[in-house]
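okay, sequence plus prediction incoming.
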Amino acid sequence: MTTTDHLTRTHDSREDTMTENDRAEQTSVEPGAQSQADGKPFTSRAHEAEPSAGQAHDKLFAQLGGTKGMVYTAIPITAFVAANAALGLPLAIGIALAVALALTVWRMARQEPYIAASGGLFGVVAAGGIAAWTGSAGGFFLIGIWASFAGAVLFLASLLARRPVTGLVWNALHGNRHPWRSDRPSLLAHDIATTTLTALFGARFVVQQWLYENDSTGWLALAKVGMGTPLLALALLVVFWAFRRATKRLVQPTDH
């Protein structure tokens, strides 16, 4: 082998080595350094346990008690108003408690979670206690009225802090792994959803407080039921839309 051949082979070997190193460096580039053509922010794909949008929605709705929980809440209220109109406040409180207790026993017999089954009973006990203390049927609704006020304040405060509640809940359901606040469309969606909830709770407080001050117990009960399940269901549609929008933008499918 001549000296020239030796130098040529050495040069070719170095070029092959450099080419392999370049390929290795290109394949080892961090995904976060790559830009996406569609403008969507990058999120890690290492999330095999990532819950789907539907699972997140179902979990949130279950935490709110579900459809049955809303119906169970309305039954003692209806019984209280009807009994108060016909029999007076003391008996109305007793009937509402009896109905709530019967519902609790029935739900526990169906092996529903204790907290979910007994929550309505505790609520009726507290509401009945306030009604008895104030001597007014309207007192039965005071807890709900001021709970609506507290909810409106909470949602509004989260908006002002640029941390809308629905976004915090969505991120928690997805493991707190996504930069949803830095993605403007996702943040806007959660701003809209949280604003919807703020308007709902604020409207509940304003309307029901006005009816309470005017001692309109029948209309107060109707407002509580009517502004409860139906309006909350509509508000949750907006929340679920925000969840889906954030999920489509920030949660990528698992690589197979």
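Received it, and whenever you're ready, just let me know what you need.

contacts for stretch 192-210?
Contacting residues not belonging to stretch 192-210 are listed as 141, 144-146, 148-149, 151-152, 155-156, 158-159, 164-167, 220, 223-224, 227, 231-232, 235, 238-239, 241-242 [Cβ atoms under 8 Å, 6 or more residues apart in numbering]. For every residue, glycine as well, the C-beta is placed using N, CA and C.

now, of the residues you listed, which are buried?
141, 144-145, 148-149, 151-152, 155-156, 158-159, 164-167, 220, 223-224, 227, 231-232, 235, 238-239, 242 (16 or more other Cβ atoms under 10 Å).

helices along the stretch 101-250 of the chain, start to end?
Assigned by DSSP state H, counting those that start in this stretch, the helices in the stretch 101-250 of the chain fall at 114-134, 142-160, 165-173, 184-213, 217-226, 229-250.

is it possible to export these to a markdown table including distance to Ile93?
Shown next, in a markdown table, are those (distance: least, Cβ to Cβ, whole Å):
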| stretch | distance to Ile93 |
| --- | --- |
| helix 114-134 | 4 |
| helix 142-160 | 14 |
| helix 165-173 | 34 |
| helix 184-213 | 17 |
| helix 217-226 | 13 |
| helix 229-250 | 23 |
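
adding distance to Val81 and mean pLDDT, write those helices out as TSV.
Shown next, in TSV, are the helices of the stretch 101-250 of the chain (distance: least, Cβ to Cβ, whole Å; pLDDT from 0 to 100):
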stretch	distance to Val81	mean pLDDT
helix 114-134	11	88
helix 142-160	13	96
helix 165-173	32	94
helix 184-213	12	96
helix 217-226	4	87
helix 229-250	16	90
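
for Thr78, find the nearest of those.
helix 217-226 (7.2 Å; Cβ to Cβ).

which helices and strands does the closest one pack with?
The helices and strands touching helix 217-226, judged by 3 or more Cβ pairs under 8 Å, 6 or more residues apart in numbering; DSSP states H and E, are helix 66-87, helix 184-213.

so what's the gap between the longest one and the chain middle?
Spelled out, that is helix 184-213. In terms of Cα atoms, centre = their mean, to the nearest Å, the gap separating the centre of helix 184-213 from the centre of its chain is 14 Å.

buried sites along it?
By 16+ other Cβ under 10 Å, the buried positions in helix 184-213 come out as 185-187, 189-198, 200-202, 204-205, 207-209, 211-212.

gap between the closest residue in space to Ser136 that isn't next to it in sequence and Gly123?
Spatial nearest neighbour of Ser136, excluding adjacent residues (Cβ to Cβ, 6 or more residues apart in numbering): Asp215 at 7.3 Å. Between Asp215 and Gly123 the computed distance is 22 Å (Cβ to Cβ, to the nearest Å).
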